[in-house]
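Peer 1: need a structure here:
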Amino acid sequence: MAALVVAALGGLSACGGSAPAAWQGDPATVVHRAADRTLAEASARTDISVAGDLSGTGVVDLQSTSGQVAFQRTGAMAHLGDHFDVVFSGGREWVRASGPAGGLAGTTPTQPWLTGSPTAVAEASFPRAEPLGTVLVRPGLGTDVAFLRGATKVLAYGGEEVRGANTYRYSFLVDLRAAIAASPPSQRPALEASAAAIGAVQWPADVWLDTQGRVRRLQMAEDPRAHTTTTKPNLLFSQDGNFVALTNVELYDFGSPVTIVPPPDSQVVHLP
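Peer 2: Sure, this is the predicted structure:
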């Protein structure tokens with residue numbers, strides 16, 4: 001691990017050094033490029049943690065930004081025994097809750113799923129599924145990766161290991177409008193939906209890129225409006241000294257088989 005980090009640091013500091021080509025050059029360009037390199041992969045497995053209260057695992061089709069993730073309560077919230085299943089495809093989401101507290105408001109045992117636009121699903125899931133809302137308003141993990149096209153104030157942080165892969169970490173702010181402008185037309189609707197739900201913010205984030213320039217981990221402040229001094233530490237504090245919760249998305253096993261099937265319509269409650 002230490003040798004890998006030293007090698008990465010040395011390579012980045014030396015022009016044309018031994019660092020992988022994907023890490024060389026202006027940090028902003030490296031991070032912007034990572035969006036296309038990651039979305040060019042067919043698929044990946046993913047693990048997601050949300051504010052230390054939810055942990056999820058699933059798969060994502062990076063070409064269509066569709067996928068499915070199963071979440072459960074963790075940490076101080078584990079005693080609630082909640083489970084949440086999320087499917088996203090074609091700019092829509094389906095969410096189902098189960099556990100001692102029952103399903104989401106408006107659902108029934110025979111129709112346990114809610115579906116609608118990301119904003120509608122996030123609003124209807126509140127407060128039962130919190131803090132899942134900030135994940136729901138971003139329609140698909142591919143959208144999270146596309147956020148990198150709007151990375152500003154990018155700083156190279158250092159080499160780290162993620163799931164055994166040698167990676168380099170960058171800290172930045174997400175400008176959603178810049179990400180939309182830099183994305184192809186087919187990907188803009190999902191990003192525009194995120195921007196409409198989140199607003200015009202500079203969202204603090206970190207990304208870990210592997211030696212091929214692909215995203216292996218993306219860490220974002222749970223509150224996109226957080227005013228932070230940096231997202232470099234694993235424990236993040238805002239300018240007023242308060243703890244800021246984080247969402248972490250890891251991508252691995254690129255190319256894994258993925259089949260995304262939304263639930264049958266007979267089991268779904270449609271939101272306006």
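Peer 1: from here on, just use CA atoms for contacts and neighbour counts.
Peer 2: Fine.
Peer 1: list the buried residues in the helix or strand encompassing residue 159.
Peer 2: Using DSSP states H and E, residue 159 falls within strand 151-162. For strand 151-162, the neighbour count (16 or more other CA atoms under 10 Å) marks 151-152, 154-162 as buried.
Peer 1: mind listing what it pairs with, with the direction of each?
Peer 2: strand 165-175 (antiparallel) (DSSP bridges).
Peer 1: buried ones in the partner strand?
Peer 2: Buried residues in strand 165-175, defined by neighbour count with 16+ other CA under 10 Å: 166-175.
Peer 1: for the record, mean pLDDT for that strand?
Peer 2: Mean per-residue pLDDT for strand 165-175: 93.
Peer 1: stretch 189-196 too?
Peer 2: 74.
Peer 1: now do the strands for this protein: every range, in order, please.
Peer 2: With DSSP state E as the criterion, the chain has strands at 43-50, 54-61, 66-73, 83-89, 92-98, 113-116, 151-162, 165-175, 202-210, 215-221, 236-237, 243-244, 246-252, 268-270.
Peer 1: so how far is residue 217 from the nearest residue to residue 59 once chain neighbours are set aside?
Peer 2: Computed as CA to CA, 6 or more residues apart in numbering, the closest residue to residue 59 that is not its neighbour in sequence is residue 45, at 4.4 Å. Separation of residue 45 from residue 217 (CA to CA, to the nearest Å): 12 Å.
Peer 1: if I look at those two, which residues touch both of them?
Peer 2: Common neighbours of residue 45 and residue 217 (criterion: CA atoms under 8 Å, 6 or more residues apart in numbering): residue 251.
Peer 1: what about the residue nearest to residue 59, how many neighbours?
Peer 2: 21 (other CA atoms under 10 Å).
Peer 1: contact partners for it?
Peer 2: 57-60, 251-254, 256.
Peer 1: next, count neighbours for the closest residue to residue 220 other than its chain neighbours.
Peer 2: Leaving aside its sequence neighbours, residue 220 sits nearest to residue 205 (CA to CA, 6+ apart; 4.3 Å). Close neighbours of residue 205, defined as other CA under 10 Å, add up to 26.
Peer 1: wait, residue 205 sits on residue 217?
Peer 2: No - contact between residue 205 and residue 217 fails when scored by CA atoms under 8 Å: they sit 10.6 Å apart.
Peer 1: walk me through the domains of the chain.
Peer 2: Domain ranges of the chain: 26-41+142-251, 47-139+258-270, per automatic domain parsing.
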